[in-house]
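A.B. asks: take this sequence and fold it.
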Amino acid sequence: MSTIGFLGLGNMGRPMALNLLKAGHSVVGFDLSSAACKASAEAGLTVAASAAEAVYGAEIVITMLPAGKHVLDAYSGAMNLLGTAPKGALFIDCSTIDIASARAASAAAEKAGMLSVDAPVSGGVGGAAGATLTFMVGGADAAFAKAKPILEQMGKKIVHCGGAGTGQAAKICNNMILGISMIGVGEAFVLAKKLGLSEQALFDVASTSSGSCWSLNTYCPVPGPVPTSPANRDYAPGFAVDLMLKDLRLSQEASRASGAATPMGAAAAQLFELFAAQGHGGLDFSAIVTFLNGTPGKAP
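C.D. replies: Below you'll find the model as predicted:
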């Protein structure tokens, strides 16, 4: 079993850290939020007084942070965890951040004599709690080989995407697909209603034919057809609009930097931005159907 320092104990990080604890690892966590630290301690996690204390002596350091600047600050900035953890430690960044920051973090880790991977996740809070996440991993073969057994205790599918930054590239592309597809599914339900077709009838047809997709089958954006979808809980997230917007913005940043044409991704980013600007950023992203239907924030 390993000694693990875990930074970022929010809605995703806390259950991930707890799953590692359940697997028998020695886990010490830290978060800048006192509320997150308190909730984690109450759940049974050992919580340090500082980031440096959390990673001191750790063989593995896992970060789940909001943005690239926070990861770089943790690695080699004010926190300087690369200078605190033992030489040869493995750094696993599970944040969703821009590719340039992911590669800069990897380069800093290598310079400090550490192994590192970028390993963003898909599967949401439910996947974090149930240890069923998908990890998209970028990094050298040796780092991936060391990270995989740890990731397997937090998820069920671990994919090595290539070198540094490719895990973030996979996450950005995947979530661009997700944002676009959810808008398409939402538009179909809006149109069906105008045409006098019931939501259940559309679901029964599309979910078993060419319109079938995850956004429809698992996360149906209207109440009724899929009882476990957020639409049946007043769009409580799940995966919030603000997080989808963050990922779509990252996709467009990557699109501009690489010269790739992503007009549907750009349109999706614009629609989610308008919805968030109306004050609905905390709702599940499937609530975009309410924006399309002209009843923003309320089930259609």
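A.B. asks: please enumerate the helices of the stretch 101-250 of the chain.
C.D. replies: Using DSSP state H, counting those that start in this stretch, the helices found in the stretch 101-250 of the chain span residues 124-130, 141-151, 166-194, 199-206, 214-217, 241-258.
A.B. asks: tell me how many other residues crowd the residue nearest to residue 238 when sequence neighbours are not counted.
C.D. replies: Using Cβ to Cβ, 6 or more residues apart in numbering and skipping residues adjacent in sequence, the residue nearest residue 238 is residue 284, 3.7 Å away. The C-beta positions use only the backbone N, C-alpha and C, and glycine is treated the same way. Residues lying near residue 284 (other Cβ atoms under 10 Å) number 25.
A.B. asks: ok, residue 284 touching residue 237?
C.D. replies: Yes. With contacts counted by Cβ atoms under 8 Å, residue 284 reaches residue 237, the gap being 4.3 Å.
A.B. asks: quick check: neighbours shared by the two?
C.D. replies: Both residue 284 and residue 237 are in contact with residue 230, where contact means Cβ atoms under 8 Å, 6 or more residues apart in numbering.
A.B. asks: next one: the residue nearest to residue 238 from residue 15, what distance?
C.D. replies: Between residue 284 and residue 15 the computed distance is 18 Å (Cβ to Cβ, to the nearest Å).
A.B. asks: what of residue 112?
C.D. replies: As defined by Cβ to Cβ, residue 112 lies at a distance of 29 Å from residue 15.
A.B. asks: what's the weakest-modelled helix or strand in the chain?
C.D. replies: helix 124-130 (a mean of 91; mean pLDDT, DSSP states H and E).
A.B. asks: distance between that helix and the chain's centre?
C.D. replies: 10 Å (Cα atoms, centre = their mean, to the nearest Å).
A.B. asks: and stretch 204-213, what's buried?
C.D. replies: 206-207, 213 (16 or more other Cβ atoms under 10 Å).
A.B. asks: what lies in contact with it?
C.D. replies: Residues contacting stretch 204-213 (Cβ under 8 Å, 6+ apart): 181, 185, 188, 216-217, 225.
A.B. asks: stretch 60-70 too?
C.D. replies: The contact list for stretch 60-70, computed with Cβ under 8 Å, 6+ apart, reads 2-10, 12-13, 16-17, 55, 71, 74, 81, 85, 89-95, 97-98, 100-102, 104-105, 150.
A.B. asks: got the contact list for the residue nearest to residue 238?
C.D. replies: Residue 284 sits next to 230-231, 235-241 when contact means Cβ under 8 Å, 6+ apart.
A.B. asks: closest to residue 173 out of those residues?
C.D. replies: Closest approach between these and residue 173, by Cβ to Cβ: residue 239, at 16.2 Å.
A.B. asks: burial measure for the closest one, as a count.
C.D. replies: Using other Cβ under 10 Å, the number of residues around residue 239 comes to 21.
A.B. asks: for residue 74, see how far away residue 52 is.
C.D. replies: Distance of residue 52 to residue 74, computed by Cβ to Cβ: 10 Å.
A.B. asks: tell me where the stretch 1-150 of the chain has strands.
C.D. replies: 3-7, 26-30, 46-47, 60-63, 90-93, 115-118, 121-122, 133-138 (DSSP state E, counting those that start in this stretch).
A.B. asks: okay, those in TSV with mean pLDDT, distance to residue 192 and mean neighbour count next?
C.D. replies: As requested, the strands of the stretch 1-150 of the chain are exported to TSV (pLDDT from 0 to 100; distance: least, Cβ to Cβ, whole Å; neighbours: other Cβ atoms under 10 Å):
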stretch	mean pLDDT	distance to residue 192	mean neighbour count
strand 3-7	98	45	26
strand 26-30	97	46	23
strand 46-47	97	49	19
strand 60-63	98	43	26
strand 90-93	98	42	27
strand 115-118	98	40	28
strand 121-122	94	28	20
strand 133-138	98	31	25
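A.B. asks: right, and those strands - which one's nearest residue 253?
C.D. replies: For residue 253, the closest of the strands of the stretch 1-150 of the chain is strand 115-118, at 15.8 Å, according to Cβ to Cβ.
A.B. asks: circling back to that earlier point, who wins on neighbours among the contacts of stretch 204-213?
C.D. replies: Result: residue 185 is most packed of the contacts of stretch 204-213 (other Cβ under 10 Å), 27 neighbours.
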